[in-house]
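Asks: Kindly return the folded structure for what I paste below:
(2 chains)
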2 protein chains.
Amino acid sequence: MNANVLQPLLLENASKIVLLVLDGLGDLPDAGHGDRTPLEAARTPNFDALVPRASQGRLVPVAPGITPGSGPGHLGLFGYDPLETPVGRGVLEALGAGIPLQPGDVAARANFCTVDAQGVVTDRRAGRIPSETCTQLVERLKQNAAHFEDVDVVLQAGKGHRFVAVFRGPGLGGDVSDADPHKEGKAIPAAHVLGSGAENEKTARMVNAFVRRAGEVLRDAAPANGVLARGMSARPHLPGYRERFGLRAAAIAAYPMYRGVAQLAGMEVFVPEGETAADAFAAAGARWKDFDFFFLHVKGTDMAGEDGNFDAKVKVVEQVDAALPQLLALQPDVLCVTGDHSTPAPMQGHSWHPVPALLAARTAFADGYPRFHEKAARTGSLGTLASRDLMAVLLAHAGRLDKYGA
Amino acid sequence: MNANVLQPLLLENASKIVLLVLDGLGDLPDAGHGDRTPLEAARTPNFDALVPRASQGRLVPVAPGITPGSGPGHLGLFGYDPLETPVGRGVLEALGAGIPLQPGDVAARANFCTVDAQGVVTDRRAGRIPSETCTQLVERLKQNAAHFEDVDVVLQAGKGHRFVAVFRGPGLGGDVSDADPHKEGKAIPAAHVLGSGAENEKTARMVNAFVRRAGEVLRDAAPANGVLARGMSARPHLPGYRERFGLRAAAIAAYPMYRGVAQLAGMEVFVPEGETAADAFAAAGARWKDFDFFFLHVKGTDMAGEDGNFDAKVKVVEQVDAALPQLLALQPDVLCVTGDHSTPAPMQGHSWHPVPALLAARTAFADGYPRFHEKAARTGSLGTLASRDLMAVLLAHAGRLDKYGA
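Replies: Now for the predicted structure:
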């Protein structure tokens, strides 16, 4: 549904909405654990007290069969259609690196590589140099390859051979090709304009100047004597929470990527003291009066899923449950607990499976189910929704949407 | 789904389809009534006999989280996308007042107000004059402010300070601003063209002439010495049931609003003898041979919900059930029982919750459930559909849709 439908219906009130995202929450029944999912196997007395009068359902983050990355997964929860809201690879990488992006910035994923005397790329990963070397080399680039014409290049080292480059200056576009041959045995191609327009031409010129200059600066640094840049993309201009939903929105997330995506969506972002749900709840409590909407992000479920660690995922869910009374004490009017996607432990990665969602509110249909998990969620009264439609449902339960038509 | 998909597939046969709408049917489990909904609590032996071999499911009238007014709620059931089928406030008000709208009509919601000597609105509701006074004043306007240039103003008194004004004449458009300051302490603004075009200019001129003339006519009638007009809208031209679905459609509804929306959808409308389901069924029986499709509207469920009266809603459902044999005796080929939206008694108003639907037909998947209610409907074989997709399903079960493609 188009956000333009909601705008004329928005009502103001004093309600508080909490969207608690357990990253990668959805999972699969595990034969080794009595055919239960981690959510099913977890001991969750506090959830269990809430569940019978709450509604359950499932969210499809992008589209059936589509496995979302963290960016699209969260964009859906924030009410955007991820298929219609392109956020470039470079932008996501920069957000994940904790670089606050400004309007007009163009971000690139970059890495060190090895080139031979003829300029042919012989190793796209520069012999997988250690992260410390990466940091040292990025420092060298900061000194000698961080300014071209009226454009600054903001650099930040990543893991191994990877780093992020953000081009900041007037008149830059995000529609240029990669300065990356994508295979060994070829020279580094110049970035060229994909769309058209002077803005993209300028970006291509800047990227090429940076790659060339970096090659000069790193001449003696083999195996890391060249750089590649790809996924160039401009920070998108997304209409934000205030504008679309009439909400003062706060994001509380320990990891920069999630704060970054939330910031793109117009939320004010905060770093909790630690990574646990208890930390997130404490941070929310400290800012309770100043916001209408709280996006709280817990990373542990996804990490356990990525590790294929069923028991670790169970443990994170149990930690969230143990901390839950702290959140409930704030008396949110609407509480939704869900994930940005599934990360089934047996798959050790993100998946396309619909994500269970729990909604507690005075106006929630009391499903009467004893527990919250994937199997109950299949038949819950929320049904199976596109993630992007969740925000309208949360606004409705918060009494923040007027009737449509007479 | 676009109605253009259906048209080439339409087949003719002698089947009869009944769409029985219990207005505001959907509800919430009530803790004070054993966590049952009114539909669940009602004694419904006749439905219960039908249900095991019928299919259940749920309808989303407009979109997730969106609470529909009666207009959009019914437009969805009639196969239109309510978000793509704007029916203006004035048009709905006129339909609700029982004014048969003609093509080209522009309708406005109007009301009496109090203005001071400087023309400033001091009370937008004219001291909430009684309905009898409203009727008298509207009579005065009918005598003295009902014709401008080649345009007639059709007036009808409503409740309290409210009335409806329909502008009828050649070349009128519906895209003009309100002649209503929307708050006290300001003068009545002139209506002005919102879009463009001579048709809208003419409507603005007529509205302003009417408001000005009414002010003269009512000079001595304080506190009702002025009028406001808002929600001006043209009767939409909707492709009708015959054209879209190949159906001769009859609407039987005691309340003018529902007959009005049905008329917009190309149905022939009839007034039953009374407000009960039995009255609607009798009216359908009397016209059984002349139509292929019957929209039967029962208002009582919505009224009970609006009143927050659980027991009254139960009673209306039981009355429908008691009368059901009368409808079944007509042997409809396809019978669908649903609502235009939910009106949960605890909310005392319309809501966004999906509406349970029951479908009885020879080709219905026999769900095998013992009873029809919100909880069974969650897992029924119809699934959760957009209301606008229901008509295709009814046509299919009536054998009126050919195969799509070879």
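
Asks: Any idea how many residues pack against the closest residue to chain B within chain A?
Replies: Closest contact between chain A and chain B, by Cβ to the nearest Cβ, is at A:A392 (3.1 Å). For the C-beta atoms, the positions are set from N, CA and C on the backbone; glycine is no exception. Per other Cβ atoms under 10 Å in any protein chain shown, the neighbour tally for A:A392 reads 25.

Asks: cool, A:I66 as well?
Replies: A:I66 has 13 neighbours, counted by other Cβ under 10 Å.

Asks: Helix or strand: which one has it?
Replies: Using DSSP states H and E, A:I66 falls within no helix or strand.

Asks: Please verify my assumption that it contacts A:P354.
Replies: No. Counting by Cβ atoms under 8 Å, A:I66 does not reach A:P354; the two are 11.3 Å apart.

Asks: re the thing from before, can you pull the contacts of the residue of chain A closest to chain B?
Replies: Neighbouring residues of A:A392 by Cβ atoms under 8 Å, 6 or more residues apart in numbering or on different chains: A:1, A:6, A:79, A:401, B:63-66.

Asks: Using JSON lines, lay out the residues you listed together with pLDDT, distance to A:Y255 and secondary structure.
Replies: Output for these, formatted as JSON lines (pLDDT from 0 to 100; distance: Cβ to Cβ, whole Å; DSSP: H, G, I helix; E, B strand; the rest coil):
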{"residue": "A:M1", "pLDDT": "66", "distance to A:Y255": "29", "secondary structure": "coil"}
{"residue": "A:L6", "pLDDT": "95", "distance to A:Y255": "29", "secondary structure": "helix"}
{"residue": "A:G79", "pLDDT": "97", "distance to A:Y255": "21", "secondary structure": "coil"}
{"residue": "A:L401", "pLDDT": "97", "distance to A:Y255": "31", "secondary structure": "strand"}
{"residue": "B:A63", "pLDDT": "97", "distance to A:Y255": "32", "secondary structure": "coil"}
{"residue": "B:P64", "pLDDT": "97", "distance to A:Y255": "29", "secondary structure": "coil"}
{"residue": "B:G65", "pLDDT": "98", "distance to A:Y255": "29", "secondary structure": "coil"}
{"residue": "B:I66", "pLDDT": "98", "distance to A:Y255": "34", "secondary structure": "coil"}
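
Asks: hang on, isn't A:D150 packed against A:F167?
Replies: No. If you go by Cβ under 8 Å, A:D150 and A:F167 don't touch, sitting 10.9 Å apart.

Asks: the more surrounded of these two?
Replies: The neighbour comparison of A:D150 against A:F167 (other Cβ under 10 Å) goes to A:F167, with 25 against 11.

Asks: The more buried one contacts A:R205, doesn't it?
Replies: No. Checked against Cβ under 8 Å, the pair A:F167 and A:R205 is beyond contact range at 10.3 Å.

Asks: Burial check on A:A14, number of neighbours?
Replies: A:A14: 8 neighbours (other Cβ under 10 Å).

Asks: and A:K375, how far is that from A:T37?
Replies: Using Cβ to Cβ, to the nearest Å, A:K375 is found at 8 Å from A:T37.

Asks: Spit out the residues that contact the two alike.
Replies: Jointly contacting A:K375 and A:T37 under the rule Cβ under 8 Å, 6+ apart are A:P29.

Asks: And these two? Which one has more around it.
Replies: Remark: of A:K375 and A:T37, A:T37 carries more neighbours, 25 against 16, as counted by other Cβ under 10 Å.

Asks: Find the nearest non-adjacent residue to that one, please.
Replies: A:D27 (4.4 Å; Cβ to Cβ, 6 or more residues apart in numbering or on different chains).

Asks: What residues does that neighbour make contact with?
Replies: Going by Cβ under 8 Å, 6+ apart, A:D27 touches A:37-39, A:305, A:313, A:342-345, A:374.

Asks: Which members of these are positioned in helices?
Replies: Among the contacts of A:D27, the residues falling in helices (DSSP state H) are A:38-39, A:305, A:313, A:374.

Asks: From these, keep the buried residues only.
Replies: Buried members of those, counted by 16 or more other Cβ atoms under 10 Å in any protein chain shown: A:38-39, A:305, A:313, A:374.

Asks: Throw those residues into TSV and include distance to chain B and pLDDT, thanks.
Replies: Formatted as TSV, those follow (distance: Cβ to the nearest Cβ, whole Å; pLDDT from 0 to 100):
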residue	distance to chain B	pLDDT
A:P38	24	98
A:L39	20	98
A:G305	27	97
A:K313	28	98
A:E374	15	98
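
Asks: now those as JSON lines including distance to B:L247?
Replies: Converted to JSON lines, those look like this (distance: Cβ to Cβ, whole Å):
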{"residue": "A:P38", "distance to B:L247": "51"}
{"residue": "A:L39", "distance to B:L247": "47"}
{"residue": "A:G305", "distance to B:L247": "52"}
{"residue": "A:K313", "distance to B:L247": "54"}
{"residue": "A:E374", "distance to B:L247": "42"}
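
Asks: beta partners of A:V227?
Replies: With DSSP bridges as the criterion, A:V227 is bridged to A:F112.

Asks: scratch that, A:P356
Replies: Beta-bridge partners, per DSSP bridges, of A:P356: A:R58.

Asks: if I pick it, what's in contact with it?
Replies: So A:P356 contacts A:25-26, A:39, A:56-58, A:338-339, A:372-374, A:376-377 (Cβ under 8 Å, 6+ apart).

Asks: Recalculate using a threshold of 6 Å.
Replies: A:P356 makes contact with A:26, A:58, A:374, A:377 under the criterion Cβ atoms under 6 Å, 6 or more residues apart in numbering or on different chains.

Asks: How about A:N200?
Replies: By Cβ under 6 Å, 6+ apart, the residues touching A:N200 are A:173, A:175-176, A:193.

Asks: so where does it fall, helix or strand?
Replies: Assigned by DSSP H and E, A:N200 falls within helix A:198-217.

Asks: which parts of chain A sit against chain B?
Replies: Within chain A, the residues that sit near chain B (Cβ under 6 Å from any Cβ of the partner chain) are A:1, A:5, A:365-366, A:379, A:381, A:383, A:385, A:389, A:392-393, A:396, A:403-406.

Asks: Show me the helices in the stretch 1-150 of chain A, by range?
Replies: Assigned helices in the stretch 1-150 of chain A, in chain order: A:3-6, A:38-41, A:45-50, A:70-77, A:89-96, A:131-144 (criterion: DSSP state H, counting those that start in this stretch).
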